[in-house]
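# Curious how this folds, go ahead:
(2 chains)
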Amino acid sequence: MTAVPHLQIKNLRAKIEDKEILKGLNLEIKGGEVHAIMGPNGTGKSTLASTLMGHPKYEVTDGEVLINDEDLLEMAVDERARAGLFLAMQYPSEISGVTNSDFLRSAINARRGEGNEISLMKFIREMDKKMNTLEMDESFSHRYLNEGFSGGEKKRNEILQMMLLEPAICILDEIDSGLDIDALKIVAAGVNEMRSADRGFLIITHYQRLLNYVKPDFVHVMMQGRIVKSGGPELAERLEAEGYDWIKEELGIEDETVNANV
Amino acid sequence: MSVDVQLRFDSEAITQYSKANQEPAWFLEKRLAGLKAAGELALPALEKTKIDKWNTVDFDPFQTTAKVAAANELSDLVKAQIDVDSVKNLLVQKNASTVFQAVSDELKAQGVIFTTFADALQTHGDLVQKYLLNVIALDEHKLTALHTAVVNGGVFLYVPKNVEVDVPLQAVYEIAGDNALLAPHVLIVAETNSKVTYVDTYVSGEGKSMVANSLVEVYVGAGASVQVASVRSLSVDVHDYSFRRATVERDGKMEWILGEMNDGNTVANNTTILKGTASIAETKSISVGTGSQRQNLTSQVQHIGTHTESDMVSKAVMTDEAVSILNGITKIEKGAEKANGVQAENILMLSDKSRGDANPILLIDEDDVKAGHAASVGRFSEESIFYLMSRGISRQGAERLIILGFLEPVVAEIPVEEVKNRLRQALERKLG
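Presented below is the predicted three-dimensional model:
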């Protein structure tokens, strides 16, 4: 891995079944940067996250994605993760019978490779520490993965995984949805703790709210399956205050969703 | 039935074996009655499984092996199953021979009898006669009759009134060699308010065309509590037939923990008869179907007493071209008021060519009862696989986590740590 992580998305197009959702998206994320993608519903934000991670439902039809100059799209899902990509999901799966801690240890060891497994003691220490930061109850480690977790607990658990796996590029897909303000602050604190020069973030959100706690360096607006406007943190503030209509007007967009014929 | 097969044994061979083991005359009579009945009775009728082409009779029943002097001389196969240094109460049988036997002084001092079936016939003949073939009848079908004719080992476990045995009593059964037979009879009698756990393991060595035909009879006295755990890891060369049945008196509790990890064809029937008021039955069973094996696994509870309760959980993982039929039968008889019987069968399918059938059957002849069942047959969720892989875990690793997780709720409930580990070991072997 290069010293400064680098994700390059070039003219990415992807479809689900026969419906094209990403329609030529360009974005570049480097270590140390926090990018936020905002936009109304149905503009392709979550599809971007899932496509980058390699969800089998989405088919890439054109374009290129490089992670540290390697072809991300050629990699299997687990290889993408081991190359440093992480996706905190909007709807994490519930896996019955697999405890959170067994799962986390498997994931960490998959990353470290055979012969270099983390010792049980060290793992427990690390996990306890991070769980503490996220104000998660001790019992979480013994509970089955996401099973019966509330929405907020699942989100915290996603951040816990991110903190333990220490990825190079973190994508957070609507990590703020369904969180009350206290939980949001905790999750944001977890993210902020992870901010560093060797880590880049892509935060997908509907709302400015999260961005009050995790200050982005770049804000992008997504419409019709591509990024239509980029700016600094002030862009998020204007969106919060004025909504999206002014952008649609400015760009002459009537239907901002991916259903629009473009 | 297979009238064409020339048996490898006859009444003379049976008589000889019985005499050589100094069995009482009444038991030889049972054996010969069994042989006669085996020639007349049909194979058991099984839901969706035909076993008339399976090997049920083609074996040499009385293959013998020398005894070992000490536990550490036991075969590696056996030693892989148990920690021979720490187990105080252990019986090991190979084919028709007891190869090792150890019973602690503590156990003897409690008045508990834990000995081989052959020894029990000699030394506790009257006690054995009182209970033997009472819970399961000799002439239920061809396989029970055949078993009685050629029974070549097993265990007699007797726990006196008010005695609680706090360590699991263990047995290991090994079969090896062409045409070998393993036909143990396990007879457990737990008197009023006693408590005991019996754990056995079935393993196999090299050999072609082997047969295991075992019966387990358990008598649970009033207020007594019996746990029977069995982990079977027989090879593809063994056809395994096991019929286990318990009868439970007032306030008694019977608990079965079964790991059906055979690689070969298997018929297993596990039944609890809740005779006494407020008696309880619990059955936890997991199975894994691999290769082209066929399995017919039945868990059954018969509620006779009032306020009786039963809970059966069966989980199966199916892969390759294996076929498993899982039957759960809750029968509530007229008069079993306030009975409560629940059961669940869950099957996880890993391949397109395997087949798993879950058949929950409720037979209820009483109005004032509760009964419920749940059955599911499912595949891997691709969403779950994606989730696990997105954390860097390989597809194989992800599938494995999901499979073990699917079985874990049953495995985790197993009260004896050693059995839990043995079962996990068997799972690793089978799914490895």
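# what's B:Leu91 sitting at in phi/psi?
The phi and psi values for B:Leu91, taken as degrees, to the nearest 10, are phi -120, psi 130.
# Okay, and the beta partners of the closest residue to it other than its chain neighbours?
Closest residue to B:Leu91 apart from its sequence neighbours, by C-beta to C-beta, 6 or more residues apart in numbering or on different chains: B:Ala171 at 4.6 Å. Backbone N, C-alpha and C define where each C-beta goes, glycine included. Beta bridges link B:Ala171 to B:Leu91, B:Asp200 when assigned by DSSP bridges.
# Wait, B:Ala171 touches B:Asp200, no?
Yes: using C-beta atoms under 8 Å, B:Ala171 makes contact with B:Asp200 at a distance of 4.3 Å.
# Need the overlap of contacts for the two.
Common contacts of B:Ala171 and B:Asp200 (C-beta atoms under 8 Å, 6 or more residues apart in numbering or on different chains): B:155, B:186.
# hmm, back to that, what's the local residue count around the residue nearest to B:Leu91?
26 (other C-beta atoms under 10 Å in any protein chain shown).
# Surely B:Glu321 and B:Arg294 touch.
No: when contacts are counted by C-beta under 8 Å, B:Glu321 is not listed as touching B:Arg294 (9.8 Å).
# Please identify which of the two sits among more neighbours.
B:Arg294 (20 against 16).
# Give me the pLDDT value at the more buried one.
For B:Arg294, the pLDDT comes out at 97.
# Let's see the pLDDT reported for the residue of the stretch 51-200 of chain B at minimum distance from chain A.
When scored by C-beta to the nearest C-beta, the stretch 51-200 of chain B has B:Asp83 as its residue closest to chain A, at 22.1 Å. At B:Asp83, the pLDDT value in this model is 84.
# Could you look up the SS state of it?
Following DSSP: H, G, I helix; E, B strand; the rest coil, B:Asp83 is assigned to coil.
# Count the residues that sit near B:Tyr130.
Just so we're on the same page, residue B:130 is Lys rather than Tyr. 11.
# For it, give me its contacts.
Counting by C-beta under 8 Å, 6+ apart, there are no residues that B:Lys130 touches.
# element containing it, please.
Taking DSSP states H and E as the definition, B:Lys130 sits inside helix B:125-131.
# For B:Val411, the count of nearby residues, please.
20.
# Actually, B:Glu206.
Neighbour tally, B:Glu206, other C-beta under 10 Å: 10.
# Could you pull out the buried residues of whichever strand or helix holds A:Asn26?
Under the criterion of DSSP H and E, A:Asn26 resides in strand A:19-30. Neighbour-count burial for strand A:19-30, counted by 16 or more other C-beta atoms under 10 Å in any protein chain shown, picks out A:20-25, A:27, A:29-30.
# Of those, which pair is most distant in space?
Greatest spatial distance in these: A:Glu20 and A:Lys30, 28.3 Å, computed using C-beta to C-beta.
# Name the surrounding residues that touch the strand holding A:Asn26.
Looking at what lies outside strand A:19-30 - C-beta under 8 Å, 6+ apart - the contacts are A:4-15, A:35, A:44, A:47-48, A:51, A:58, A:61-63, A:169, A:200-202, A:220, A:222, A:224-227, A:258, A:262.
# re earlier: can the buried residues of strand A:19-30 go into a markdown table with extra columns for distance to B:Phe243 and pLDDT?
Converted to a markdown table, those look like this (distance: C-beta to C-beta, whole Å; pLDDT from 0 to 100):
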| residue | distance to B:Phe243 | pLDDT |
| --- | --- | --- |
| A:Glu20 | 61 | 95 |
| A:Ile21 | 59 | 96 |
| A:Leu22 | 61 | 97 |
| A:Lys23 | 66 | 96 |
| A:Gly24 | 68 | 96 |
| A:Leu25 | 65 | 97 |
| A:Leu27 | 66 | 98 |
| A:Ile29 | 65 | 98 |
| A:Lys30 | 69 | 97 |
